[in-house]
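J.: just a sequence and a predicted model for now, questions to come.
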Number of protein chains: 2
Amino acid sequence: MKAPQAATLAGLIDSVGSPVCVGLDPVFERIPREVTGSDPAERFKSFSNGVLEAVRGVVPAVKFQSACYERFGWRGVRALEESMARARELGLAVILDAKRGDIGISAEHYAAAASNAGAHFVTVNGYLGSSGILPFLERGLGVFVLVRTSNPDSSRVQSQILQSGGTVSHILARLVEELGRGFSGGDLSDVGAVVGATQSAEGQELRTLMPDQIFLIPGFGSQGGSARDILPMRRKGHPPARAGVLATASRSVLYPPDSGSDWKQNIRDAARRFADEVRAVLQ
Amino acid sequence: MKAPQAATLAGLIDSVGSPVCVGLDPVFERIPREVTGSDPAERFKSFSNGVLEAVRGVVPAVKFQSACYERFGWRGVRALEESMARARELGLAVILDAKRGDIGISAEHYAAAASNAGAHFVTVNGYLGSSGILPFLERGLGVFVLVRTSNPDSSRVQSQILQSGGTVSHILARLVEELGRGFSGGDLSDVGAVVGATQSAEGQELRTLMPDQIFLIPGFGSQGGSARDILPMRRKGHPPARAGVLATASRSVLYPPDSGSDWKQNIRDAARRFADEVRAVLQ
């Protein structure tokens, strides 16, 4: 099997019917009062595990923002590892959003760490070229390479026009597509791309450059992206599991408006609304 | 003071007379037999602390390759944090080579983690633009932004020619220079650049684009760079502490040929040879 992680993800999307992902970007100040713990990292773990139990069966995948946990030093990293293991136990696809970007043996180390922690996919920065990406694939992980990010100032680098035509982000898109051929199941590839929801205007062109890629699309909810932004990026004529998109929302699901119900139920409801919304636009 | 970290580094370079840095990229298989520990991470810490004691007073700075430690999960991160604290105690400038590259609050988290661990500088990936770099500076850290890396396949991205002239790496160089103006002590800036020793042919042009930047230059020793490669990159007419270069060697210092002496003395001798070599070419 040449794209084991893409196949796992497609299977999970199939079972819930919507290609969405909940981002775990916990921020200390916003964790519900009911969640306790002996130190900040323990509280993070309790909250993360509660979120995982809440979204299980509603969404196929979760994305851990490594920075939120690393902020608390090694105790935070321990909490991250334990929650990633729990996500895997619960049958969720696990994306480690660490945006790692080193080469050679250092990239191998990062890949080993992510793999040992239970990740299926890792987000990776491709500015250093293929030697920053291949070690993850050679470990059997899937990757999402940063191609076009959602922050407004990303254009300063990513939208510069090349002499040969296209933009800097297209260099990355071509690299992703090329590497992806070696890790493709004849349909979707284990080499995916990060494309921000707010970059929807460029989505169609990026899809042409990367036909077999899964686009990890952050920026929904709080960051202003809407489900409709997926449309130009999807692979047309495919069912949700093969549409090559994975829409990601973090804050809008983790911290929904208080509905009076249990905090986990509240998060489960918010995850369901997000999944339904994305399912609806893809039909 | 607008460039506190550059000033600290310059002071330390002044006191030893050579702008060099020893990279701590420990690999389990190559740690001397004499170094023991209850688990791999503990052995890493013992080795790292031994290296720090050996190079103290011989070199002004050390660079920790985060990946080597992260490979061992949270225990590795704990060892990294403890060794970084030790480096700071010993009066060394501490560079965390983590190549972090995220934006907004995630970048703030990474900055907080690096700062809490005792880093003076962090290596950062600028593909996402200034919002991936500024949070580190706002925390009071110095940064080295990846501009031109030493791996051969980096040209695939970094050497592409722009319609407006110059290469992709020049976009990053200009961004670094611009951001650097706000964090400059009127001489050197807290916003530095990573430029591989093997990219010496482009060094002079990059120096023109980044006059006030410290270039962190990895790739000496095992990776084939020689002290002479620094010459086109240095700020001409300045003493070593203000020459804007920091030459980095890792494996050639950490694992020198066995001379029969104590392993720490052996590393100290290798660090001294490296420092002498760089001092000599700058004179």
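T.: Yep, it's here.

J.: residue contacts, A:S130?
T.: A:L175, A:L179, B:D153, B:R156 (Cβ atoms under 8 Å, 6 or more residues apart in numbering or on different chains). Yep, even glycine has a C-beta here, placed from its N, CA and C like the rest.

J.: get me the contact residues on the stretch 151-283 of chain A for chain B.
T.: Contact residues, the stretch 151-283 of chain A versus chain B (Cβ under 8 Å from any Cβ of the partner chain): A:151, A:153-158, A:160-164, A:168, A:171-172, A:175.

J.: in chain A, which helix or strand is least confident?
T.: strand A:215-220 (a mean of 92; mean pLDDT, DSSP states H and E).

J.: that one packs against which elements?
T.: Strand A:215-220 is packed against strand A:191-195, helix A:203-209, strand A:245-249, with contacts defined by 3 or more Cβ pairs under 8 Å, 6 or more residues apart in numbering or on different chains; DSSP states H and E.

J.: make it 7 Å
T.: Identification of packing neighbours for strand A:215-220 by 3 or more Cβ pairs under 7 Å, 6 or more residues apart in numbering or on different chains; DSSP states H and E yields strand A:191-195, strand A:245-249.

J.: which members of the contacts of A:S130 occur in helices, if any?
T.: Using DSSP state H, the members of these that fall in helices are A:L175, A:L179, B:R156.

J.: need the contact list for the residue nearest to the last one when sequence neighbours are not counted.
T.: Of all residues not flanking B:R156 in the chain, A:G129 sits nearest, at 4.7 Å (Cβ to Cβ, 6 or more residues apart in numbering or on different chains). Contacts were defined as Cβ atoms under 7 Å, 6 or more residues apart in numbering or on different chains; by that measure A:G129 touches B:N151, B:D153, B:S154, B:R156, B:V157.

J.: highest neighbour count among those residues?
T.: The most crowded member of the contacts of A:G129, judged by other Cβ atoms under 10 Å in any protein chain shown, is B:S154 (24 neighbours).

J.: for A:F183, give its distance to B:Y127.
T.: According to Cβ to Cβ, to the nearest Å, A:F183 stands 22 Å off from B:Y127.

J.: more crowded one of the two?
T.: For the pair A:F183 and B:Y127, the greater number of neighbours falls to B:Y127 (27 against 23), based on other Cβ under 10 Å.

J.: so that one is in which element?
T.: Using DSSP states H and E, B:Y127 falls within no helix or strand.

J.: quick one: contacts for it?
T.: Counting by Cβ under 7 Å, 6+ apart, B:Y127 makes contact with A:N125, A:Y127, A:L146, A:V157, B:G101.

J.: try 6 Å this time
T.: Going by Cβ atoms under 6 Å, 6 or more residues apart in numbering or on different chains, B:Y127 touches A:N125, A:Y127, A:V157.

J.: what sits closest to it if chain neighbours are left out?
T.: B:Y127 sits nearest to A:Y127 (Cβ to Cβ, 6+ apart), 4.6 Å away.

J.: and the one you found, backbone torsions?
T.: The phi/psi pair for A:Y127 (degrees, to the nearest 10) reads phi -60, psi -30.

J.: please report how far it lies from A:R148.
T.: Counting by Cβ to Cβ, the gap from A:Y127 to A:R148 is 13 Å.

J.: mind listing the helices for chain A?
T.: In chain A, the segments counted as helices under DSSP H are A:4-16, A:40-55, A:66-70, A:73-89, A:104-117, A:134-138, A:155-158, A:168-181, A:203-209, A:251-254, A:263-282.

J.: tell me which of those sits most buried.
T.: When the helices of chain A are scored by mean count of other Cβ atoms under 10 Å in any protein chain shown, the highest mean neighbour count falls to helix A:66-70 (a mean of 27).

J.: of the contacts of A:S130, which is the nearest to A:E29?
T.: Nearest to A:E29 among the contacts of A:S130 is A:L175, at 38.8 Å by Cβ to Cβ.

J.: which stretches of chain A have low pLDDT?
T.: Along chain A, segments meeting pLDDT under 70 span A:1.

J.: quick one, phi/psi of the residue of it most remote from its centre?
T.: What lies farthest from the middle of chain A is A:Q163; by Cα atoms, centre = their mean that is 32.0 Å. Backbone dihedrals for A:Q163, given as degrees, to the nearest 10, come out at phi -60, psi -40.

J.: need the contact list for it.
T.: Taking Cβ under 6 Å, 6+ apart, we find A:Q163 in contact with B:I161, B:Q163.

J.: what residues does the stretch 1-150 of chain A have near chain B?
T.: Residues of the stretch 1-150 of chain A that fall close to chain B, judged by Cβ under 6 Å from any Cβ of the partner chain: A:65, A:67-68, A:70-71, A:73-74, A:77-78, A:81, A:99, A:101-103, A:106, A:109-110, A:112-113, A:125, A:127-131, A:149.
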